[in-house]
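S.K.: Prediction below, plus the sequence it came from.
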Amino acid sequence: MGKHADSTDSKILRRIQARKRGWVFTPDSFTDLGTRRAVDLALMRHRDNGLIRQLARGLYDYPKIDPQLGPLQPSTDDIASALAGRDATRLQPSGAYAANLLGLSTQVPMKVVYLTDGRTRTVQVGKRQITLKHTTPRNMATAGKISGLVIQALRHLGRKNVDQQVIAQLDRRLDDDARKQLVKDIRYAPAWIADIIRSLADRKSAA
């Protein structure tokens with residue numbers, strides 16, 4: 001049993017070291033290398049040895065190291081992607097986080113919500129709270145696309161708060177491919193957001 005555990009340990013070590021620092025992962029990244037118990041024990045040893053860091057229950061990273069600052073925190077998207085990979089789900093940034101990603105808000109939220117077609121769950125990583133929130137197939141139809149980001153950001157801001165300054169900011173951020181994708185996915189947007197998408201398309205054609 002010890003020999004098997006050592007074998008699993010060394011295989012996991014090689015896989016971790018083959019990845020770039022900053023990799024965020026779960027025990028499921030190693031299910032082909034041993035039993036779940038052997039994997040968990042190996043990860044505990046590598047954590048205790050300082051090779052990897054445990055971010056939350058069942059969530060680890062191979063941290064980037066800054067010469068002066070030491071281990072750096074992983075990005076919110078990397079954490080969410082690791083969680084999505086474990087549960088085989090898709091993710092769509094929403095709320096204040098979507099608005100921040102598009103430059104429509106300067107606020108960096110400490111509570112980040114991703115829409116998902118998987119189960120609802122919340123993970124606390126340091127001061128950040130990351131929630132995966134189950135939603136409808138309609139909301140997930142644009143997951144991973146610029147159209148999904150725009151629709152969710154505008155939903156967060158609300159119709160009354162979307163002024164010409166917001167429209168101008170979006171106008172600057174969207175390239176030709178992004179505009180085409182927005183028009184293609186316009187059927188998934190509420191009517192008032194669909195009107196904004198059309199106005200952005202018209203601005204482009206008038207340019």
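M.R.: Arrived safely, thanks for sending.
S.K.: end-to-end on stretch 167-182?
M.R.: 14 Å (CA to CA, to the nearest Å).
S.K.: Mind listing what's buried along it?
M.R.: 170, 174, 178-179, 181-182 (16 or more other CB atoms under 10 Å). Placement of C-beta: from N, CA and C, glycine included.
S.K.: Was I right to think residue 36 contacts residue 27?
M.R.: Yes. Judged on CB atoms under 8 Å, residue 36 makes contact with residue 27 at a distance of 6.7 Å.
S.K.: quick one: which helix or strand includes residue 130?
M.R.: Residue 130 is part of strand 128-134, with elements assigned from DSSP states H and E.
S.K.: And the buried residues of stretch 167-182, which two are furthest apart?
M.R.: Of all pairs drawn from the buried residues of stretch 167-182, the greatest distance, 13.2 Å, lies between 170 and 181 (CB to CB).
S.K.: Now do the strands for this protein: every range, in order, please.
M.R.: Assigned by DSSP state E, the chain shows strands spanning 23-25, 53-56, 59-62, 65-66, 70-71, 91-93, 111-116, 121-125, 128-134.
S.K.: care to break this protein down by domain?
M.R.: 2-71, 76-206 (automatic domain parsing).
S.K.: Which residue is the nearest non-sequential neighbour of residue 21?
M.R.: In this structure, residue 21 finds its nearest non-sequential neighbour in residue 64, 4.4 Å apart by CB to CB, 6 or more residues apart in numbering.
S.K.: For that neighbour, which residues are in contact?
M.R.: Counting by CB atoms under 8 Å, 6 or more residues apart in numbering, residue 64 makes contact with 21-22, 71-72.
S.K.: Show me which pair in those is furthest apart.
M.R.: Going by CB to CB, the pair spanning the contacts of residue 64 furthest: 22 and 71, at 10.3 Å.
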